[in-house]
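Asker: pasting the structure only:
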């Protein structure tokens, strides 16, 4: 059964889109990420224009993140104070990111920049997460091995404007989470992601938050940042396809609830390892599409309607 997408200007299989939304929602609940790092490339692979995939995916992330946060909140795994600080930076960053997106759209380079951003950031983050998860699993199997701290105190922890985050058992400068939120906000606008694939490791290794609290707090921040991105994209760039978004939302809400329950059965090391492998797989596919010679080297199109 097919349905026409007015903004993307193409027809898609309804059940395929619903299944994709459910799968990404499941990953959102398991890993504490919005899932956009997978969904946006998948939409692009299906033929959806990159700009529409980015603008619409931010909308889908809102729903899957809300569903995931509710489940984690019931378990007491959300640091709302930390989430609020991250959110301030995220709002500022996402607003700047949408302005950059609009500029790239006017100069006709938005598709290339989106793909390059994915290749660079997914490659770096995926590689680091895989390396750390393998090291953690090796240490856990070595008898008598000492587990080091997830983070070490350095000059960043001596910054001013310190706040106490009781849920995360931290006393750090508010500048750190503000900066992380700002950077992730820009990526949310440019890449159509919640930023969880960067937010989660940053909260663990830079801020030193407990892994159990990181997932719920990451999703809490993602809700509002991606909602801001969706609003700004729909107003400034008109790249939000409502029909596509509704289909993705329907599957995402259900998938996130199932994923949250499943995620509690796996250790933190295994979760990070699985996420890293998926990130690297998507990165490899996007990189291949950029460098491999296309089947059709040339295309004919009319210009200016003549």
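Answerer: Done, it's in. Note that the structure is a prediction, hence the values are computed from the model and not measured.
Asker: which non-adjacent residue is nearest residue 273?
Answerer: Using C-beta to C-beta, 6 or more residues apart in numbering and skipping residues adjacent in sequence, the residue nearest residue 273 is residue 133, 3.7 Å away. The C-beta positions use only the backbone N, C-alpha and C, and glycine is treated the same way.
Asker: tell me the spacing between the one you found and residue 17.
Answerer: 31 Å (C-beta to C-beta, to the nearest Å).
Asker: OK, contacts around the closest residue to residue 191 other than its chain neighbours?
Answerer: Spatial nearest neighbour of residue 191, excluding adjacent residues (C-beta to C-beta, 6+ apart): residue 117 at 5.2 Å. Contact analysis of residue 117 by C-beta atoms under 8 Å, 6 or more residues apart in numbering lists 187, 190, 191.
Asker: distance check, residue 117 against residue 54.
Answerer: 10 Å.
Asker: what sits in contact with each of those two?
Answerer: 190, 191.
Asker: which of the helices and strands in the chain ranks last by mean pLDDT?
Answerer: helix 50-74 (a mean of 73; mean pLDDT, DSSP states H and E).
Asker: continuing past that one, what's the next helix or strand?
Answerer: helix 80-106 (DSSP states H and E).
Asker: so residue 160 makes contact with residue 172?
Answerer: No - using C-beta atoms under 8 Å, residue 160 is not in contact with residue 172, being 11.0 Å away.
Asker: where exactly do the helices run in the stretch 151-300 of the chain?
Answerer: 175-191, 196-205, 211-236, 242-263, 268-291 (DSSP state H, counting those that start in this stretch).
Asker: shaky segments in the stretch 51-200 of the chain?
Answerer: The model of the stretch 51-200 of the chain has pLDDT under 70 over residues 58-64, 67-68, 142-159, 192-197.
Asker: number of nearby residues for the closest residue to residue 13 other than its chain neighbours?
Answerer: Nearest residue to residue 13, sequence neighbours excluded (C-beta to C-beta, 6+ apart): residue 2, at 5.8 Å. Applying other C-beta atoms under 10 Å, we find 10 residues neighbouring residue 2.
Asker: try the one 3 residues further on
Answerer: The number of residues packed around residue 5, counting by other C-beta under 10 Å, is 19.
Asker: any figure for the gap between the nearest residue to residue 75 once chain neighbours are set aside and residue 80?
Answerer: In space, and not counting its chain neighbours, residue 75 is closest to residue 216: 7.5 Å by C-beta to C-beta, 6+ apart. Distance, residue 216 to residue 80, using C-beta to C-beta: 9 Å.
Asker: tell me which of these two has more neighbours.
Answerer: residue 216 (25 against 13).
Asker: can you pull the buried residues of stretch 279-291?
Answerer: 279, 280, 282, 283, 285, 286, 287 (16 or more other C-beta atoms under 10 Å).
Asker: quick check: the closest residue to the third one other than its chain neighbours vs residue 48, distance?
Answerer: Just to be clear, that refers to residue 282. Spatially, and ignoring its direct neighbours in sequence, residue 282 is nearest to residue 41 (5.2 Å; C-beta to C-beta, 6+ apart). Here residue 41 is placed at a distance of 10 Å from residue 48 (C-beta to C-beta).
Asker: check residue 80 too.
Answerer: Counting by C-beta to C-beta, the gap from residue 80 to residue 48 is 35 Å.
Asker: same question for residue 256.
Answerer: Applying C-beta to C-beta to residue 256 and residue 48 gives a distance of 22 Å.
Asker: then residue 84?
Answerer: Residue 84 sits at a distance of 34 Å from residue 48 (criterion: C-beta to C-beta).
Asker: so for those two, which sits in the more crowded spot?
Answerer: When neighbours are counted by other C-beta under 10 Å, residue 84 and residue 48 differ, and residue 48 comes out ahead with 23 against 15.
Asker: wait, what's in contact with the more buried one?
Answerer: Per C-beta under 8 Å, 6+ apart, neighbours of residue 48: 5, 8, 10, 12, 56, 244.
Asker: again, only this time at 10 Å
Answerer: Applying C-beta atoms under 10 Å, 6 or more residues apart in numbering to residue 48 gives the contacts 5, 7-10, 12, 40, 42, 54, 56-57, 241, 244.
Asker: can you tell me the SS state at it?
Answerer: Three-state assignment for residue 48 (DSSP: H, G, I helix; E, B strand; the rest coil): coil.
Asker: returning to that earlier point: so the residue nearest to residue 75 touches residue 69, yeah?
Answerer: Yes - if you go by C-beta atoms under 10 Å, residue 216 and residue 69 touch, sitting 6.1 Å apart.
Asker: need the overlap of contacts for the two.
Answerer: 32, 77, 78, 83, 260.
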